[in-house]
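A.B. asks: All I have is the shape, not the residue letters:
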């Protein structure tokens, strides 16, 4: 089901062809950062009212985020947390799960499968055997870097030692170009702007998904009047504020 795209790729979610999945859902594979090796794989799962999605979490588990809609989750035959907008879920490796959309709403899930490659032995051992966990965006601590703020949903010391999942807010304007030490996939949840990557400019709008490999200089500019909201997942786990020295 995966379709690899080159490093630094940018796609619009609704432009990616959907495939049918077990339970009646449709699945779009937006990015696979591994290029044939283990990497982050970001998918969008869409369910019409009353339909479902069945699957099994991969080698290092999956990080989910509910973009819209409400539904029910079962993991290994046990009832899990209710699904609702802005709720994040870490699904343990190898877990069989079933999602059922409520009768009156359609559901869109952001699902990122995590690679174990690159994780330390300690992180892998810590992750093994952890139960399913869920977090609500509103209950997560606000952190700041410069004029931007973010909330870490999962990460080191917060339920996931393999990767970090966060929601960030970018105010109007453009920050200096920078790069990170980790491999990252970013999804625009709200707002309009421009991605400046490797000397090229690409429009940003809700549903735009970007791959930012380690060391790639980039900047996300918010050209609107309101906050731009982004959902990021990166590997190996670190702080969203971590940056490489200029020139790297």
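C.D. replies: Ah, there it is. From a predicted model like this one, the values you see are computed outputs, not experimental measurements. Numbering: from 1, shown residues only.

A.B. asks: and residue 58, helix, strand or coil?
C.D. replies: coil (DSSP: H, G, I helix; E, B strand; the rest coil).

A.B. asks: what's the weakest-modelled helix or strand in the chain?
C.D. replies: Ranked by mean pLDDT, DSSP states H and E, the helix or strand of the chain with the weakest confidence is helix 121-127, at a mean of 56.

A.B. asks: So which bits of the helix or strand following it are buried?
C.D. replies: Going down the chain from helix 121-127, the next helix or strand is strand 133-136, by DSSP states H and E. By neighbour count on 16 or more other C-beta atoms under 10 Å, the buried set for strand 133-136 is 133, 134, 135. Heads up, the C-betas are built off the backbone N, CA and C, glycines and all.

A.B. asks: Now render those residues as a markdown table, adding distance to residue 98 and pLDDT.
C.D. replies: Formatted as a markdown table, those follow (distance: C-beta to C-beta, whole Å; pLDDT from 0 to 100):
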| residue | distance to residue 98 | pLDDT |
| --- | --- | --- |
| 133 | 18 | 95 |
| 134 | 16 | 97 |
| 135 | 21 | 97 |
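
A.B. asks: so residue 233 sits in a strand?
C.D. replies: Yes. Applying three-state DSSP, one finds residue 233 inside a strand.

A.B. asks: how far is stretch 48-59 from where the chain is centred?
C.D. replies: 17 Å (C-alpha atoms, centre = their mean, to the nearest Å).

A.B. asks: which residue sits closest to residue 96, ignoring its sequence neighbours?
C.D. replies: Spatially, and ignoring its direct neighbours in sequence, residue 96 is nearest to residue 56 (5.2 Å; C-beta to C-beta, 6 or more residues apart in numbering).

A.B. asks: Also residue 171?
C.D. replies: residue 147 is the one closest to residue 171 (C-beta to C-beta, 6+ apart), at 5.6 Å.

A.B. asks: Could you report the neighbour count for that neighbour?
C.D. replies: As a burial measure, residue 147 scores 11 neighbours (other C-beta atoms under 10 Å).
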